[in-house]
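Colleague: just need the structure, nothing else, for what follows:
(chains A and B)
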Amino acid sequence: MSKKSNAQVLRRFQYSTDQIIDKPFNWQQMLRLFSYMLPYRTTLVPLSIAMVLITTAVRLVIPILIGIYTLDQAVKNKDATMLFWLVALIAGLYASAYIANVFRIRWMNQLGQNVIYDLRRHLFTHVQNLSHRFFDQRSAGSILVRIMNDINSLQELFTNGVINLLMDIVLLVGVFFILFSLSPQLTLAIMIILPIMFLISTKLRKNIRRSWQDVRLKQSKLNSHLNESIQGIRVTQSFTQEKENMVFFDGINEETFQSWKSASQKNAMFRPLVELTNALGTAVLIWYGAHLIQNGTISIGVFVSFAFYLGMFWEPISRLGQVYNQLLMGMASSERIFEFLDEKPIVSEAANPVVLDDIRGEIEFEKVVFSYDDKRTALKGINLKMHAGQTVALVGHTGSGKTTIANLISRFYDPTSGKVLVDGHNLKDISIGSLRKHISIVLQDTFIFSGTIYDNIRFGRPEASEDEVKAAAKAVGASDFIEKLPNGYQTEVEERGNILSVGERQLLSFARALLANPKILIMDEATASIDTETEMKIQKALKTLLNGRTAIIIAHRLSTIREADNIFVLENGLIIERGNHGQLMNSKGEYYHLVQAQFNMLGAV
Amino acid sequence: METFKKLKAYYWPYKNYFIWSILFMLIVTAITVVYPMILQITIDDAVIGGRYELIPVLAAGFVGFMVVKGICTYIYQYTGDLFGIHSVYKLRNSLYEKLQFLSFRYYDNAKTGDLMSRLTADVEGFRFFLSFGFSELIRFVLLIGISFSVMFYYSVSLTFVTLATLPFLAIVVFKFDKAVHPAFRSIRKSFGKLNTKVQENISGINTVKSLSREEYEIGRFNDSNGDYKDKYLFTSEIWAKYFPLMEFMGNLSVVLLLGYGGYLVMNDSLQPGELVAFYSLVWYIMWPIMNLGFVVNLFSQSKASGERLLEILEAETEIEDKDEAVEIEKLSGEVEFNNVTLRYGDDENEALYDISFKAQPGQIIGLIGSTGSGKTSITQLMTRFYEPVEGQVLIDNRDIKDYSLRSLRSNIGIVLQESFLFSSSIKANISYGNPDATMEEIIDAATRAQAHSYIMELPDGYDTILGERGMGLSGGQKQRIAIARAICVNPSILILDDATSAVDMETEFKIQKALLEVMKGRTTFIIAHRISSLKHADEILVLENGAIAERGTHEQLIKNGGTYQKIYDIQFKDRHKATQTG
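Modeller: Have a look, this model is predicted:
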C-alpha cells in the first residue's frame, strides 16, 4: 500500500453521528416538556417538595444549633442540662430528616419514572401510527435513539433536576439570610467567592461538558466502525484488507485518545478550582472573622457556624450549574422528541367512520392519480376492478406503480385524486382499523421477530390457539421443517438468526397470513432463488393461501402470473394491458414481449 | 490478580503516569487533613489564646496549602486519566488487530452484540479501574489512617465514642451493596430488553403495519416499558431504604461528638477548636466507608471485564501464514480438490465428504444443490476460510496452505448472496480490496458490473456515501457494487455465491449480463439455484449432503435421469407452458 496522508486514511469509512449539542433555552418547549408533570401536580409533586423542604430546613438549622447554642451558650456556660437537651434536639432533627429523606428518594424517583414512562409511551404510540413514509425516510437506528436515549437523557432532569432546583434555591437563600442575620459584615466579606463559584459551575462546566460530548462523538464513531467491521469481517478477510483497516482504526483510535486527553485535562481543572475558591472563602473567614472576634463583634460560635455554612455554599451552586446543564441538554433531546410527536400521520380517520365487520373483498379504483412527493406522479389515472375472490397479478418494470397500487388498497396513503373503493365504500370513510383487519400483506422480506416459531406464526392473530397455529402451518406445508427443528414450534428464532432459510421464512409468513385469515391478501412476491424443492412447496402453499380471498400479487414468478384471473400490465403509472394469460399472449402486446424477453435474457432457450 | 498480570503488557508501559499520580495523591490526602487542623489552631490558639498575630500567617498559610493542594490534585487526576487512556488506546488497537485475523470459525460462534459489549463496556470498565480504582483503594486507606491518627492525637476517648457507630455503618454499607448491585443489573437488563423490543419493532415495522398489529405492539411495548419503570423504582427503594440510614448514622456520630465532646470541653479536657476539627474529621472517615462498597465492586467488575477481554486476546487465530509462505503476485487459477473432507465442529457431521475435482484456468464450474448441501463450503475452502480435515486443496499445483493468505485471497474475488457494503463512498466500496485503484479502474469495474449508469444518476455519483448496510440502494444496486468490488481486484478466480438471489427478475437479467462479461479469462465458480444461471458452465457439480452426486455438462446432466434433470424439468416445464400462445 502506498503512503497515504492521515486525512485520506480517516476517510476510508465514513460514519454519520447524531450530534448531541445543546440548544438555546426555549421557554415554550420547556413548558411543553414540563406539562408531562401535570398529572402529578396534586400528588407526587407537592409530596416530594414537602420532603425536600423538611430536609433542607434541618440542614439549615443544625449549624446554628451547634455553633450559637451548643458552643457559645451550653459549653461556654458549662450548662450540662442545656447541652443534653440540645443534643437530644439535634438527634431528633436528624431523625426527622432521615424519615423525610426516605420518602423524598421514593417519591422523587416515582415522579421521574412516571413522567419518563408516560413520555416514552406517548412517543412510541405516536410513532407506531405514523405512515410508511416516515419510516422510509429514516434509519431504524435514528428512530431507536430517540425513543430510548433521548428520553433517557431527560430521566435525571425529571427525577432530581426540577426538585433539586427548588431545594437549592431555598438552601442558598436560607444560608444567606441566616449568615446575614448572624453577621452582615462577615457575610458580605465571604460573598466574594459566590460569583467565582457561579462562573466555575456554569462556564467551566459547560466547557468541560462540550469536551466530553466530543469524546462521546468520537467514541460512537469508533463503535460504529467496530460494529461494522465485525459484521463485515467476512468481506474484509475475503479482500485481505485487515492491515488497511488497522491503519484506519489506529487513526480513529488516536482521534478518540486525543479528544479524551483534552477532555481529561479540562476536567482535572474543575475540582482544584472549586477547592481553591472555597479556600479563598475560608481564608477570608479566618482573617476577617478573627478580626471581628477580636473587636467583639461576633462570638466564637458565630465563627464556627460560618465555617459550616461556608461548606454548604458549594453544593447548591454546583447542583444549580448541573441542572442548568441538564436543561440545555434536555432542550436538545426534547426538541428531537417533539419533532417526532409533531409528525402527523398521512392518512387520518374520517369523522364518523364506517366500521366494516365483514367484507366481500371487492376492490375498485376510480381515476386514481397519486404522487408521493408532488413532483413525480406514480399513478396517472388508474381505473380497475377486482372482484371478490379473484387473484389479480400486477406486472411491470420497477417503478411502474405496482407497489403504489398495493399501498393505496391498504390505505397507507390516500390518492391525490380519484377514489379507492372496497365493497363500494370509499376507503376514506372506513375506519382504518376495521379496513386493515381484513387485509394482510405478505412481504418480500419477511421479518422474523425474536421469539418462538409459534409466536411468529401467531403474530397476525395473537389470540389463536395452538391447534389453529399448527393447522395453518400444516396447510401451507411449513409443518415439515418446523417439526424437524430441535424444539419444533417452541424453537427460538431471531431477526437475523440463520436457523431459517429464505424459503422457510417465506413459508412461515404464509402461515402467518393464513392464520390472520384476511379477506384481501396483498403479496409482494419474493424473488430470492430458493432451491427447487422449496420452490415447489411454496407454489403449493400459495394455492391454499389464495383460496377464497381477493388476492393482489405483485408477481415475478410466471407460474403465479399464468394462473391469475386477471393480469394488469403497468407502465409509468398507467395500465397498458389487462386480461388473463391466454388473452394477453394471443394479443402479442407488451405482456407477450415481456414474457419472451425474460426467457431470452435468462438464456433459457 | 492473575487477570491483571496477564494484561500487564497494556498498562505497564505507562507505569510512570501511575507512579506520579499516586505520589501526588499522597500529598493531596495529607493536605486534606490540614484544613480541620488549621481551624482548630485558629480557634484555640489565635482566638481563645488571644494570639491574634497568628491570624495573617494562618490565613496565608491556608491559602498556600490550598494552592499546593490544587496543583497536586490536578496532576494526580490528570496523570491518573492519562494512565487509563493510554492503556486503553493500546488495548483497543490490539483487540482490533486480533479481531481482524480471527477465523470464520470463531465468528460462526460469536455474537456481534456480545463482542461489541466487550469492546465497549468492558474496555471502559477496565479503563475506569486503571484511572480511578487503583488509586482510590490507596486513597481510602490513607485518608482513614491519617484522620484516625489526628483524632487519636486530639482525644482517644472522644475518638472511640464518636466512632461507635462505625461498625453499624459498615454493616449497613455491606447490606446495601449486596442489594443494590443486582438491582442495578436488573435495570440494565430491563433497559436492554426494552431496547431490543423497540429496535425489533422499528426494523419490522412493515410487517407490523401489513398485519395491522400496531395495537398489539403497543401493548407489548408497554409491558417492557412498565417493567423498566418497576425495576428502576425497585432500585430506588433500596436507595431510599439504605442511603438515608447511612447518612443518619454519620449524623449520629456528630450527635455523640457534640454530647461527649461538649462535656469534655466543659471539663476543660478538650479545646473547643479540637471539637470543631473533629466535626470535619468524622466525615473523612464516614464518606470513604460509605464508598467502600463502590470501590470493591469496581474492582471485581473490572476483573471480570479483564477476563472477558483476555478471552478475545487469547483466542486462537487458527488459520495463519506458514513460516515460509510463498508470495505470488498473480495466480493462473487452476483449482484442484483432492479427496477433501470438511467438518465445521469436532463432533459435527461432515459438511463435505471426499470431494475431488479439477478446474482449469478460465473454466466455469457450476455448483447446484439444496440448502446445506455444501456448495458454499467448497468455496470457503478455496479461500482458506476453513481448513479441510482430510484431503488437499491445490491452486496452480501447490497446496494453498503454502501461499501467504494475502497472495491467495487477493487472487480470489467473491460476491456473496447478501452483499455487505461499508459505510463509505461508493468509490471506496468498489476499491475496497484494492485501495490503490485509480478512478479509471474503478469506473471500469463499475461499468462492467452494469453499475456505472445508475451511480452517475445519484446526486454525488461515486462520492455518494452509503449508510448502514448500504442503506438507500436497492438490493440489485448493492449487488452490482459488490460485483464491481470483486472485479476491481482483478482476480484470477471468481466466486459467485448465489449472487443474484436478492434482486427482482429484471435486475437479475442485468446482473447476469454483467457477469458474462466479468467471467471472461477467470476461473469462475457459480453457485445458483436456477439452471439458467449455470447451464453454460464447463462442468456442473450437483451436491447432495456434502458429496458430489452428479457431475458433467448441462447437456450430459439433463439426460441422465438424476437430480439435475428433475430440477430442470420443474424449472423449464414452466417456460414451455408460459410461452405457448392460445
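Colleague: for the rest of this, base every contact and every neighbour count on C-alpha atoms.
Modeller: Noted.
Colleague: pLDDT below threshold where in chain A?
Modeller: A:1-9, A:16-23, A:494-499, A:526-530, A:598-605 (pLDDT under 70).
Colleague: quick one, what contacts the most centrally placed residue in chain A?
Modeller: The residue lying closest to the centre of chain A (C-alpha atoms, centre = their mean) is A:Ile147, at 1.8 Å. Residues near A:Ile147 by C-alpha atoms under 8 Å, 6 or more residues apart in numbering or on different chains: A:Arg120, A:Leu123, A:Phe124, A:Ile337, B:Val198.
Colleague: the second one touches A:Ser334, doesn't it?
Modeller: No: under the contact definition of C-alpha atoms under 8 Å, A:Leu123 does not touch A:Ser334, with a separation of 11.2 Å.
Colleague: so these two - more neighbours on which side?
Modeller: A:Ser334 (23 against 18; other C-alpha atoms under 10 Å in any protein chain shown).
Colleague: next, count neighbours for residue 559.
Modeller: Picked chain A for this. 14.
Colleague: try again with chain B
Modeller: 11.
Colleague: tell me the contacts of it?
Modeller: Each residue near B:Lys559 by C-alpha under 8 Å, 6+ apart is listed here: B:Gln565.
Colleague: secondary structure element for B:Phe337?
Modeller: strand B:335-343 (DSSP states H and E).
Colleague: paired strands for that strand, with orientation please.
Modeller: strand B:350-359 (antiparallel), strand B:390-395 (antiparallel) (DSSP bridges).
Colleague: now tabulate these in a markdown table and tack on mean neighbour count.
Modeller: Formatted as a markdown table, the strands paired with strand B:335-343 follow (neighbours: other C-alpha atoms under 10 Å in any protein chain shown):
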| stretch | mean neighbour count |
| --- | --- |
| strand B:350-359 | 19 |
| strand B:390-395 | 20 |
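Colleague: please convert those strands to TSV, extending it with distance to A:Pro462 and mean pLDDT.
Modeller: Formatted as TSV, the strands paired with strand B:335-343 follow (distance: least, C-alpha to C-alpha, whole Å; pLDDT from 0 to 100):
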stretch	distance to A:Pro462	mean pLDDT
strand B:350-359	39	91
strand B:390-395	50	93
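Colleague: how about these in JSON lines, adding distance to A:Gly451?
Modeller: Listed next are the strands paired with strand B:335-343 as JSON lines, based on distance: least, C-alpha to C-alpha, whole Å:
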{"stretch": "strand B:350-359", "distance to A:Gly451": "28"}
{"stretch": "strand B:390-395", "distance to A:Gly451": "39"}
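Colleague: tell me the pLDDT of the residue most central in space within chain B.
Modeller: Centroid check for chain B by C-alpha atoms, centre = their mean gives B:Met116 as the closest residue, at 2.1 Å. Here the pLDDT value assigned to B:Met116 is 84.
Colleague: tell me the contacts of it?
Modeller: A:Asn223, A:Leu226, A:Asn227.
Colleague: burial count for the residue lying closest to the first one once chain neighbours are set aside?
Modeller: In this case it means A:Asn223. Spatial nearest neighbour of A:Asn223, excluding adjacent residues (C-alpha to C-alpha, 6 or more residues apart in numbering or on different chains): B:Thr120 at 7.4 Å. By other C-alpha under 10 Å, the residues close to B:Thr120 number 16.
Colleague: now B:Thr120: how far from A:Thr236?
Modeller: 21 Å (C-alpha to C-alpha, to the nearest Å).
Colleague: disregarding flanking residues, what is the spatial nearest neighbour of the residue in the stretch 51-200 of chain B that chain A sits nearest to?
Modeller: Per C-alpha to the nearest C-alpha, B:Gly70 is where the stretch 51-200 of chain B lies closest to chain A, at 4.3 Å. For B:Gly70, ignoring the flanking residues on the chain, the nearest one in space by C-alpha to C-alpha, 6+ apart is A:Pro272 at 4.3 Å.
Colleague: that neighbour and B:Ile144: what is the separation?
Modeller: 21 Å.
Colleague: domain map for chain B?
Modeller: B:1-154+B:284-315, B:156-269, B:328-411+B:536-582 (automatic domain parsing).
Colleague: and the ones you listed: which comes nearest A:Ile62?
Modeller: Evaluated over the domains of chain B, closeness to A:Ile62 peaks at domain B:156-269, with 10.7 Å, by C-alpha to C-alpha.
Colleague: on that earlier part again, for the contacts of B:Met116, which single residue is the most surrounded?
Modeller: A:Leu226 leads the contacts of B:Met116 on contacts (other C-alpha under 10 Å) with 20 neighbours.
Colleague: ok, it - contacts?
Modeller: So A:Leu226 contacts B:Tyr96, B:Met116 (C-alpha under 8 Å, 6+ apart).
Colleague: list the buried residues for stretch A:59-75?
Modeller: For stretch A:59-75, burial by neighbour count (16 or more other C-alpha atoms under 10 Å in any protein chain shown) applies to A:59-60, A:62-75.
Colleague: out of those residues, which is nearest to chain B?
Modeller: A:Val75 (5.7 Å).
Colleague: from what I see, that closest one and B:Val265 are in contact.
Modeller: Yes: using C-alpha under 8 Å, A:Val75 is in contact with B:Val265, at 6.8 Å.
Colleague: the residue of the stretch 201-350 of chain A found nearest chain B: how many residues sit nearby?
Modeller: Of all residues in the stretch 201-350 of chain A, A:Pro272 sits closest to chain B, at 4.3 Å by C-alpha to the nearest C-alpha. For A:Pro272, the neighbour count with other C-alpha under 10 Å is 22.
Colleague: and for the one 3 residues further on?
Modeller: Burial of A:Glu275 is recorded as 18 neighbouring residues (other C-alpha under 10 Å).
Colleague: what of A:Glu463?
Modeller: Neighbour tally, A:Glu463, other C-alpha under 10 Å: 9.
Colleague: in what helix or strand does the residue of the stretch 201-350 of chain A closest to chain B lie?
Modeller: Going by DSSP H and E, A:Pro272 is in helix A:242-284.
Colleague: any idea which helix or strand comes after that helix?
Modeller: By DSSP H and E, the next helix or strand past helix A:242-284 is helix A:290-294.
Colleague: using PDB, write down the CA coordinates of that next one.
Modeller: What follows is helix A:290-294, C-alpha atoms only, in PDB (Å, rounded to 0.1, in the frame of the first residue of the first chain):
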ATOM      1  CA  ALA A 290     -10.800  36.500  63.800                       C
ATOM      2  CA  HIS A 291     -10.600  40.300  63.500                       C
ATOM      3  CA  LEU A 292     -14.300  40.600  64.300                       C
ATOM      4  CA  ILE A 293     -14.000  38.300  67.200                       C
ATOM      5  CA  GLN A 294     -11.100  40.300  68.400                       C
END
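Colleague: which stretches in the stretch 101-250 of chain A count as helices?
Modeller: A:132-136, A:140-145, A:151-152, A:155-156, A:162-182, A:184-190, A:193-199, A:205-231, A:233-238, A:242-284 (DSSP state H, counting those that start in this stretch).
Colleague: alright, calling it a day.
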